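K.L.:
Pasting the sequence and the predicted coordinates here, then a few questions.
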Amino acid sequence: MPRGVPGQRAFDAARRTLRWAAVLAVASTISPWAGAQALLDFSGAEKAAILSFGPWPPPAVADASNRWRMRAAVVEYGRSLFLDTGLSRDGTVSCATCHDPGRAFQDARAVAQGRAAGVRNTPTLLDVADRRWFGWDGAHDSLWAASLAPLLDPREMDSKPQALASRVRDVPARASAFRAAFGIPPPADDEELVVHLAKALAAFQATLRSPRTPFDRFRDALARGDRHEAARYPLAAQRGLRLFIGEARCSVCHAGPAFTNDEFADIGLPFFVAGGGVDAGRHGGLTKLLASPLNRLGRFNDAGAAGDPRALLTRHLKIEPRHFGEFRVPGLRQLARTAPYTHNGSLATLEDVVRHYDQLDEERLHADGERILRRLNLGAAQAADLVAFLRTLGD
Ligand code: HEC
Ligand code: HEC
């Protein structure tokens, strides 16, 4: 196109004006100190909310119920057990079959498939030792009890305590590996032996820590007042974060450095399961936990219930009708690597999760208690911002 044509000059001038108008429109929503880069002008309250999602990694949570947890030889033994298909009834399934170390310790399936099909989604095991309750329904109050359950579950590894114990006690190589780890020979009591295996598995899993993320770098930059570094965090993610802690009220439940309050809630997903029946969620989990000889009040707690502050939490649990259909609030770190989502894997992508909250069927929610969730009607741009934020919770 020839230059210097009067019409073209007018066109260029108009385009420059338009471009400046667009720049000013964006600039008016961002901080005047941000310079060329973009940092939303977060209020004091917003900053405090953002800082509460860190620092990362957090200090390790103590667990008096497992005295083997910090012993390096037991951690290594737990790692080998985790990969060992010899612990399953027919020698085909290990923990890693479903909790695949190459996939953030989950299986990318909607629901688990072990010796038989399960009804729940396999959770990641990254950061698992920080949780207060284990399983989507909170059926376990320790990592080791949650690690023992799959060994015996007919849909998972389908072993029996007696068979499992004799496979360790009566195979010389396995017996000596046990002795090398714990410094004692395999116990004669089957249950006690299996609990030792579970405590080694827990010791290994307690080392699984998710890495720092773009969000953590942003959060720490805000904490130090480093606006230059903070402004490198994508603007869409900043807007999504503002929604997450504000209008969309996500952080009422997804709170703290792991983005979970360690409680249970009903977000209005259907609780019917394939093949009929319902998943009672927390209601069923509490019933199991309180009846279990493996809970923190039982004889396998290394500190005894009196010596373990976390046993008090178990002692004070009560089953109430509202627990029906509640599931554990999952942490949100490394989400991009852990699709599909929710207890039954029914939401395939993060876009689907946000759409679920956005178009929530309020009739499906529990009527009792404070209503936290409500239909958001965000619109496409805000929904995309929320997803952009969630993606920054991964490395
Ligand atoms: C067949 C697939 C499968 C196998 C095999 C399996 N798991 Fe799991 N795991 C799951 C599923 C599904 C859940 C969720 C269970 C629930 O909520 O009821 C789960 C939950 C857990 C949890 C609780 C996690 C949390 O965030 O609360 C731990 C811990 C765990 N498994 C450890 C293990 C260990 C250790 C092994 C091997 C001994 C193992 N799993 C074998 C599928 C499996
Ligand atoms: C009332 C508490 C509560 C609020 C508020 C809440 N969530 Fe959740 N969230 C949950 C629970 C509980 C689950 C698991 C539900 C299930 O499996 O049935 C969940 C699941 C998720 C998951 C799936 C994670 C996974 O690993 O499967 C994502 C992502 C998520 N929520 C993001 C959000 C966002 C974004 C918001 C705000 C729009 C939000 N949540 C608001 C309680 C809440």
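P.N.:
Everything's here; your move. Ligands and ions are numbered 1, 2, ... in the order given.
K.L.:
Touching, D279 and F271? I think so.
P.N.:
Yes. Contact between D279 and F271 holds when scored by CB atoms under 8 Å: they sit 4.9 Å apart. C-beta here means a position set from N, CA and C on the backbone, and glycine is covered the same way.
K.L.:
Common neighbours of those two, please.
P.N.:
Both D279 and F271 are contacted by G325, under the criterion CB atoms under 8 Å, 6 or more residues apart in numbering.
K.L.:
Just checking stretch 147-158 against ligand 1, any contact.
P.N.:
Yes. Using CB under 6 Å from any ligand atom, stretch 147-158 comes into contact with ligand 1 via 147, 150-151, 156-157.
K.L.:
Up against ligand 1, what does this structure have?
P.N.:
Checking the chain against ligand 1 by CB under 6 Å from any ligand atom, the hits are 93, 95, 97-99, 112, 114, 118, 120, 122-123, 125, 128, 131, 134-137, 143, 146-147, 150-151, 156-157, 201, 205.
K.L.:
The spatially most central residue of the chain and W56, how far apart?
P.N.:
In the chain, the centroid-proximal residue (CA atoms, centre = their mean) is G331; its distance is 3.1 Å. Distance, G331 to W56, by CB to CB, to the nearest Å: 11 Å.
K.L.:
what does A202 give?
P.N.:
Distance from A202 to W56, by CB to CB: 22 Å.
K.L.:
And what about L151, helix, strand or coil?
P.N.:
Three-state call for L151 (DSSP: H, G, I helix; E, B strand; the rest coil): helix.
K.L.:
Pull the contacting residues for it.
P.N.:
Per CB under 8 Å, 6+ apart, neighbours of L151: 87-88, 157, 159, 164, 194, 197-198.
K.L.:
Switch these over to CSV; also include secondary structure.
P.N.:
Converted to CSV, the contacts of L151 look like this (three-state DSSP):
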residue, secondary structure
L87, helix
S88, coil
M157, coil
S159, coil
L164, helix
V194, helix
L197, helix
A198, helix
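K.L.:
Can you report how many residues lie near R249?
P.N.:
By other CB atoms under 10 Å, the residues close to R249 number 16.
K.L.:
Likewise for R79?
P.N.:
Neighbours of R79 (other CB under 10 Å): 17.
K.L.:
Now for it: which residues touch it?
P.N.:
F204.
K.L.:
what about it, distance to ligand 1?
P.N.:
Going from R79 to ligand 1 by CB to the nearest ligand atom, to the nearest Å gives 11 Å.
K.L.:
Secondary structure element holding that residue?
P.N.:
Per DSSP states H and E: R79 is located in helix 72-82.
K.L.:
who's more crowded, A202 and W56?
P.N.:
Remark: of A202 and W56, A202 carries more neighbours, 27 against 19, as counted by other CB under 10 Å.
K.L.:
What separation do you get for the more buried one and ligand 2?
P.N.:
Taking CB to the nearest ligand atom, one finds A202 at 21 Å from ligand 2.
K.L.:
Can you turn the buried part of the residues of stretch 147-158 next to ligand 1 into a PyMOL selection?
P.N.:
In PyMOL, a selection of the buried entries from the residues of stretch 147-158 next to ligand 1 looks like this (16 or more other CB atoms under 10 Å):
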select buried, resi 147+150+151+156+157
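K.L.:
hang on, the earlier thing: what's the helix or strand following the helix holding R79 in contact with?
P.N.:
Once the chain leaves helix 72-82, the next helix or strand it forms, by DSSP H and E, is helix 95-98. Residues from elsewhere that reach helix 95-98, judged by CB under 8 Å, 6+ apart: 81-83, 85, 106-107, 112-114, 122, 147, 150, 156, 201.
K.L.:
tell me the mean pLDDT for helix 95-98?
P.N.:
Taken as a whole, helix 95-98 has an average pLDDT of 96.
K.L.:
Would you indicate which residues of it are buried?
P.N.:
95-98.
K.L.:
so how far is that helix from its chain's centroid?
P.N.:
Here helix 95-98 is found 17 Å from its chain centre; the criterion is CA atoms, centre = their mean, to the nearest Å.
K.L.:
and what of stretch 309-321?
P.N.:
With CA atoms, centre = their mean, you get 22 Å for stretch 309-321.
K.L.:
No more questions from me, cheers.
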